[in-house]
Each structure stands twice: as C-alpha cells, then as structure tokens.
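Participant: Next come a sequence and a model predicted from it.
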Amino acid sequence: MHREKNIRRLQAACEMILEMAAGNYSFRVDRSGEDDILEVLLALLNLMAEHNKEALFHRGYVNPHKSYNYIRQEAIILDRHGTILGHTPALVHMLGDDELVGLPIRRLIEIRSLAHWDRAFAEIIEGHLEHAAVPVEFSVPGELVFAPLCVVSRLAHSGNFLLGFIMPETLPLENPGQFPGEGPVSDSDAREAELMQKVYDFVLMHHEGPFPKIRVLARMFATNEFKLKTGFQHHFRTSIYQLYNEQRLKKAFLLIRYSKKALKDIAYTVGFTTYSNFSRAFKIKFGCGPGEIPRPRFGQ
C-alpha cells in the first residue's frame, strides 16, 4: 500500500516536470503530508514552479509563441453559373490575373478542390444552405497554391452569390520582436534589462542569511545605487527589498506548513533578526500569524 502511494507521488512529480517543460508554471502537486525525501522533492518542485512563474511572467503577459494577426477580408461576386461578376481590387494581385470579371470561378480552383466547391455551391444554389465554409485551393502563377478560408453565401434580394476570403495578415514590424509604437531597443537598454534580470535572479536565489545592503548590491553588479533602484523599479514594478521580503515570506509559509522546524528557527532561516518582526510581517502578508498556520503531524 505504501509502495503504491509512493509510485503515485512520483508520477505526480513527473507530470509536474512535464507541465513546466511545456510552459505551464501554474500547475502544482498535491501534498501528502508524509515526512520523507519524496515530500521534500514535491515541495521543492512547487517552489521552483512559483519562482519560474514570477521570473518569466513578471511583465504581466504570457508568450503566445505566435505573432498577433490581423484579419483581412476579400470577396468575389458570382452569378448562379459561377461566373465572376465583380471582386475586391486586391484579388487581382493575389490570384495573378488582371481580368477576373467574366471568368468561371472553376477555372481558378485547383482540380483537387473542385469536388468540394461543386458540392457546396450546388447546395447554396438549391437553397439547402444559406452559407457554407468551403476548403478551396486556388492556382496562382509560379505553380503555387493560394488556400484562404472561404465562405460562400447567397446575397439577399439578389440572384447572385458572395464568395468571401478570410486570411490572417501579420502586421509588418521594422524590427523582429518590436511592437507597434515602440522604438528600437538600444544597446544600453538591453544591457540594463539583462543586468536587472541578474539582480532579480539573485534575489530569488538568496535563501539564507541577511540580505546585502543596496550599496553592497550595487558593487556586486558593477553599477551605482541610483541606477540599481530605478532600473529595478522600472523593469519589475517593485523594489528590490519588496521582492526579497515577498520571497522570504513565501518560503517561510512553506517551511511552516510542511516542515518540523520551530517557528523561531524559520524566522532566522529566512533572514529575520527577531521573531516579533517576522510575525508582524507574516501577518501583514497572509492575514494570520505564523502560529495559526496548520501544521501536519509527522510520523502518524
């Protein structure tokens, strides 16, 4: 029974690692309350996910791994025989034919798409459907294929039909990674962002002992105090000490909830010099004192 439980806990740990590898830093492993090395591993995985989430998403957005697209619409007007009566100007360039008016639409469609088109257009003409999405590919010069999302529908109060084209269109940017309205990123700005990220990582990795003064921190990262404070505030919308205090209180919460350490030892471990200061800061952050957090009874 105990072995089966350990296997389930290991499977949960593996699942969390895979979730983090896929970019999901909100996934958390349920704790079991056991007092063993596996429980320590699960606690560390949860803590790592929390740190990664804050490090990557501090700017308030998630990378969608795709460019944002604008939708472009074009259209062709057809009679009931499928002859082109009119079209939007851009289609001349897209389909590579200056004289589209008067052409049968079937002449522009790839052979392998004709069966889909004939079936859908017949349904519309006979009145069985008001509109239909059709997977159609068009031949363009250079032996290429143009395959937009096509929707054919009947025009109201008319015997004609509308073939609409819907295409995603990426907004062209002057520089890769630059959003509209933003100027180019200078070398000095890039260096500052890289430096602030290093400071941020240092804060996250500082687990024990007193945190260095701003003056000492500035010397460690070869900058001055003013640039360090203003640059960090600009990039992360918080101060260095606010971030440090936030992180050590979160660590204290996990230690209280999932370890057997005495509360005073936990306070000193996370960098507080007195228990009273720790208790006050903890209550402000979590709304309750350290002694009010339920602690599991290990060994039962």
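Facilitator: Yep, that arrived.
Participant: going forward, measure contacts between C-alpha atoms and count neighbours the same way
Facilitator: Noted.
Participant: According to the record, where do the domains of this structure fall?
Facilitator: Domain segmentation of the chain under automatic domain parsing yields 1-60, 72-168, 183-300.
Participant: Kindly reformat these as TSV containing mean neighbour count and mean pLDDT.
Facilitator: Formatted as TSV, these follow (neighbours: other C-alpha atoms under 10 Å; pLDDT from 0 to 100):
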stretch	mean neighbour count	mean pLDDT
domain 1-60	15	78
domain 72-168	16	86
domain 183-300	15	84
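Participant: elements contacting the host helix or strand of residue 76?
Facilitator: Taking DSSP states H and E as the criterion, residue 76 maps to strand 69-78. Where contact means 3 or more C-alpha pairs under 8 Å, 6 or more residues apart in numbering; DSSP states H and E, strand 69-78 is packed against strand 84-87, strand 161-170.
Participant: Make a markdown table out of those strands and add distance to residue 43.
Facilitator: As requested, the helices and strands packed on strand 69-78 are arranged in a markdown table below (distance: least, C-alpha to C-alpha, whole Å):
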| stretch | distance to residue 43 |
| --- | --- |
| strand 84-87 | 63 |
| strand 161-170 | 43 |
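Participant: Quick check: which of the ones you listed is nearest to residue 54?
Facilitator: strand 161-170 (29.6 Å; C-alpha to C-alpha).
Participant: Note down every partner strand of the closest one and its orientation.
Facilitator: Partners of strand 161-170 in the sheet, by DSSP bridges, are strand 69-78 (antiparallel), strand 149-154 (antiparallel).
Participant: And the next helix or strand past it?
Facilitator: helix 187-205.
Participant: what's next to whichever helix or strand comes after that next one, contact-wise?
Facilitator: The C-terminal neighbour of helix 187-205 among helices and strands, as given by DSSP H and E, is helix 214-220. By C-alpha atoms under 8 Å, 6 or more residues apart in numbering, the residues outside helix 214-220 that reach it are 224, 225, 228.
Participant: among those residues, which are in helices?
Facilitator: Counting by DSSP state H, the part of the contacts of helix 214-220 found in helices is 225, 228.
Participant: Show me which of the contacts of helix 214-220 is closest to residue 189.
Facilitator: residue 228 (13.2 Å).
Participant: which residues are in contact with the strand holding residue 76?
Facilitator: For strand 69-78, contacts defined as C-alpha under 8 Å, 6+ apart pick out 84-88, 90-91, 105, 160-171.
Participant: Make CSV out of the contacts of helix 214-220 and add distance to residue 278.
Facilitator: Compiled in CSV, the contacts of helix 214-220 are given as follows (distance: C-alpha to C-alpha, whole Å):
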residue, distance to residue 278
224, 30
225, 27
228, 26
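Participant: Between the contacts of helix 214-220, which sits nearest residue 13?
Facilitator: Closest to residue 13, out of all of those and judged by C-alpha to C-alpha, is residue 228, at 37.7 Å.
Participant: what's the distance between the residue lying closest to the closest one once chain neighbours are set aside and residue 201?
Facilitator: Leaving aside its sequence neighbours, residue 228 sits nearest to residue 218 (C-alpha to C-alpha, 6 or more residues apart in numbering; 6.4 Å). Spatial separation of residue 218 from residue 201 under the definition C-alpha to C-alpha, to the nearest Å is 15 Å.
Participant: Repeat that for residue 230.
Facilitator: For residue 230, the distance to residue 201 equals 17 Å [C-alpha to C-alpha].
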